[in-house]
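# Build me a model:
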Amino acid sequence: MNGLDISDFPAALEHIRREAEAIGFTLSSEPKTGALLRVLAASKPRGRFLELGTGAGAGASWLLAGMDADSTLLSVDNDPRVQDIARRHLGSDARVTFQCEDGAAFLERPASESFDLIYADAWPGKFTHLDHALSRVAEGGIYFVDDLLPQPSWPEGHAAKVPPLVETLERAPGFMATHIAWASGLMMLVRTARFQI
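Predicted coordinates:
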């Protein structure tokens, strides 16, 4: 078994990658992260999914590949130029809604629903507004983050924020957490009880 041999890619992914590269966007979810997202999505039939940080749509393509016909995905990003790539290649899928909005503003609004899986791939919901994101995870639901191991694409200030984030996630009340030394460095929490902010 070789974790590098991922061959079953979502149909739109190669087009998304090419367009992202053409505009210089280098922060797309990598295939190993995506392969795990697909399996996690498949574990939540009729699931409600939230992606914080659409980017060009790589992560969304993997989530959609694992979701059943009755599941929904809300993907939030504040960069319309990049998110438009995702809209072009994935927007015809009725299960996904793309919302162009700052993730912090989205999370600061009163929560109207909870989610069975939150993929926090942006600063809001990860390095800021973490409590807001965790409060929206349904009981038995998953909170999932990547980019916890050093990466050449990390923006300035990212490295210093990782250890405090990991420590906070390890102690999050009402959650069970695990580290995954896979891809860019992952962490997954499962909500075992209601979380109070």
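# Could you name the helices and strands sitting against the longest strand seen in the chain?
Determined from DSSP state E, the single longest strand within the chain is strand 137-145. If you count contacts as 3 or more Cβ pairs under 8 Å, 6 or more residues apart in numbering; DSSP states H and E, strand 137-145 packs onto helix 31-42, strand 115-120, helix 158-170, strand 186-191. No exception for glycine: its C-beta is placed from N, CA and C like everyone else's.
# And the pLDDT at residue 3?
pLDDT recorded at residue 3 is 51.
# I misspoke; the intended subject was residue 135.
Predicted confidence (pLDDT) for residue 135: 95.
# ditto for residue 67
For residue 67, pLDDT reads 98.
# Residue 102 too?
Here, the pLDDT recorded for residue 102 equals 96.
# Check residue 30 too.
Looking at residue 30, its pLDDT is 87.
# Once you drop chain neighbours, what's closest to it?
Nearest non-adjacent residue to residue 30, counting by Cβ to Cβ, 6 or more residues apart in numbering: residue 183, 5.4 Å away.
# show me the residues around residue 34 that make contact.
Taking Cβ atoms under 8 Å, 6 or more residues apart in numbering as the criterion, residue 34 is in contact with 10, 13, 58, 59, 61, 62.
# And stretch 161-177, what's buried?
Within stretch 161-177, the residues scored as buried using 16 or more other Cβ atoms under 10 Å are 162, 165, 166, 169, 172, 174, 175.
# How are the helices of the protein distributed by residue range?
13-22, 31-42, 58-66, 80-90, 103-108, 130-134, 158-170 (DSSP state H).
# Figure out which of the ones you listed is closest to residue 115.
Between residue 115 and the helices of the chain, the shortest separation by Cβ to Cβ is 9.2 Å, and it involves helix 130-134.
# buried stuff in the closest one?
For helix 130-134, by 16+ other Cβ under 10 Å, it's 130, 132, 133, 134.
# Any figure for the gap between the second one and residue 76?
Meaning residue 132. To residue 76, residue 132 is 12 Å away according to Cβ to Cβ, to the nearest Å.
# and what of the third one?
As for residue 133, its distance to residue 76 is 11 Å (criterion: Cβ to Cβ).
# which residues are common contacts for the two?
Counting by Cβ under 8 Å, 6+ apart, the residues touching both residue 133 and residue 76 are residue 52.
# pretty sure the residue nearest to residue 30 contacts residue 28?
No - counting by Cβ atoms under 8 Å, residue 183 sits too far from residue 28 to count as a contact (12.0 Å).
# Any idea how many residues pack against residue 81?
The burial count assigned to residue 81 is 9, neighbours taken as other Cβ atoms under 10 Å.
# from here on, count from 7
Noted, 7 is the first residue going forward, which turns the last one into residue 87.
# List the contacts of the closest residue to it other than its chain neighbours.
Nearest non-adjacent residue to residue 87, counting by Cβ to Cβ, 6+ apart: residue 29, 6.8 Å away. Contact partners of residue 29, counting by Cβ under 8 Å, 6+ apart, are 87, 88, 91.
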